[in-house]
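>>> The amino acid sequence is not available; the structure is as follows:
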Ligand code: ARG
């Protein structure tokens, strides 16, 4: 019997050709596994295409809820943004996909897994490092990296094999999308000077005409309700994305540092993830004690780097997650999101409307009106400040007095520095 291989199948040209190639050139029985991570699609057509390409098994695994619960919720608690901006749309989906590839490999007794990534991107790193972390015994094959076919040759190969591919559609872009957002590469976007054409946007196409606001409820750092109505996390993500996306909120245009050393121009649409991170960070601003907040902010970029670099299943990611979880125990409360009316350019095309936090409240809020107010009811002990500030600045004052070059020139304080010992 031929060895079996589990292929991460997207239904596109490359992975469809990969099914045929792995069978013909490498002699494998191919099991095609597609993961539903909230990207939507025609799953029946996808399964039919995998079979037409010669897969012995083809299946779609619905991992949307698992993805939201076990991958997106931790990333949200960590406010995970690569290079301070990108909410890790593709990076977060790869480990959940790999988890299911490995499960399928065990179930079907496969000896290897395969993916359709090229040699230039981050996704190969994520697929392979995640697979090695979960199943060090499995071989990994990357057909697209080794077959040396151009896109035209792939199209011909697919035609010769009778694989139904929608080449007529011919989108100039390479798209990867899931519940957390959408990544758009290639085509005119490869010129970092060129503005992204309006037609690259789907999740943030501007359709809203009126201002609106809504409330997101969080429990321990995770959204649990929208407008007071309890909902599952995946549904909240979808609904928040639809609402703020219609104002054109969530667009990113950046040149990013890939793990493999390439700078690449990336356009993203991340309405849900960026709105939820904005809301979550805001709720943290009232519920986290200062030192905890600052230490958390120091760890957040480290966490994002680990996810970006394919280290989801590392002990360090898991340990930082434990910190993030503990830090979020009191991040419970409500955030009010305000969406302002989109504008119009002179040529009539719409411009995004501002989306921001209008207010926040929490049973654990550390905001104390009577301490903060400059008006009636002030409970702050003003007399405490004088001595506090004097001691806070004492070291610098001493240093400044000595820095003049003469030790005898004077002391920082006649009544403290010269009197007795510390
Ligand atoms: N640059 C982003 C990342 O590395 C997006 C990758 C998109 N992947 C794709 N196959 N188009 O996370």
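Sure, I can see it. Not measured: the values here are computed from a predicted model.
>>> going forward, measure contacts and count neighbours with C-alpha atoms only.
Will do.
>>> Disregarding residues adjacent in the polypeptide, which is nearest to the residue in the stretch 301-422 of the chain that the ligand sits nearest to?
Closest approach of the stretch 301-422 of the chain to the ligand (Cα to the nearest ligand atom) occurs at residue 308, with a separation of 6.4 Å. In this structure, residue 308 finds its nearest non-sequential neighbour in residue 91, 5.4 Å apart by Cα to Cα, 6 or more residues apart in numbering.
>>> so the residue of the stretch 301-422 of the chain closest to the ligand touches residue 82, yeah?
Yes: in this structure, residue 308 sits in contact with residue 82. The criterion is Cα atoms under 8 Å, and the distance is 6.9 Å.
>>> How about the contacts made by residue 324?
In this structure, residue 324 makes contact with 74, 77-78, 296, judged by Cα atoms under 8 Å, 6 or more residues apart in numbering.
>>> same question but for residue 109, I mixed them up
Contact criterion Cα under 8 Å, 6+ apart gives residue 4 as the residues in contact with residue 109.
>>> Buried residues in the helix or strand harbouring residue 267, which are they?
Residue 267 is part of strand 263-269 when elements are defined by DSSP states H and E. Of the residues in strand 263-269, those with enough neighbours to count as buried (16 or more other Cα atoms under 10 Å) are 264-269.
>>> Next: stretch 377-396.
Counting neighbours by 16+ other Cα under 10 Å, one finds that the buried residues in stretch 377-396 are residue 394.
>>> what residue ranges in the stretch 251-400 of the chain are flagged as low confidence?
Of all residues in the stretch 251-400 of the chain, none has pLDDT under 70.
>>> hey, where'd the helices end up in it?
271-287, 290-308, 315-327, 369-372, 383-403 (DSSP state H, counting those that start in this stretch).
>>> out of these, deepest packed?
Mean neighbour count (mean count of other Cα atoms under 10 Å) peaks for helix 271-287 among the helices of the stretch 251-400 of the chain, with a mean of 23.
>>> how far out from the middle of the chain is that helix?
When distances are taken as Cα atoms, centre = their mean, to the nearest Å, helix 271-287 is centred 13 Å away from the chain's centroid.
>>> Residue 343 against residue 351, yeah?
Yes: under the criterion of Cα under 8 Å, residue 343 makes contact with residue 351 at 4.9 Å.
>>> thinking again about what came up before, model confidence score at the residue nearest to residue 308, please.
With respect to pLDDT, residue 91 has a value of 98.
>>> name the helices or strands packed onto the helix or strand encompassing it?
Here residue 91, judged by DSSP H and E, is contained in helix 89-108. For helix 89-108, the helices and strands in contact under the criterion 3 or more Cα pairs under 8 Å, 6 or more residues apart in numbering; DSSP states H and E are strand 4-8, strand 29-36, strand 112-114, helix 123-134, strand 174-178, strand 181-185, helix 290-308.
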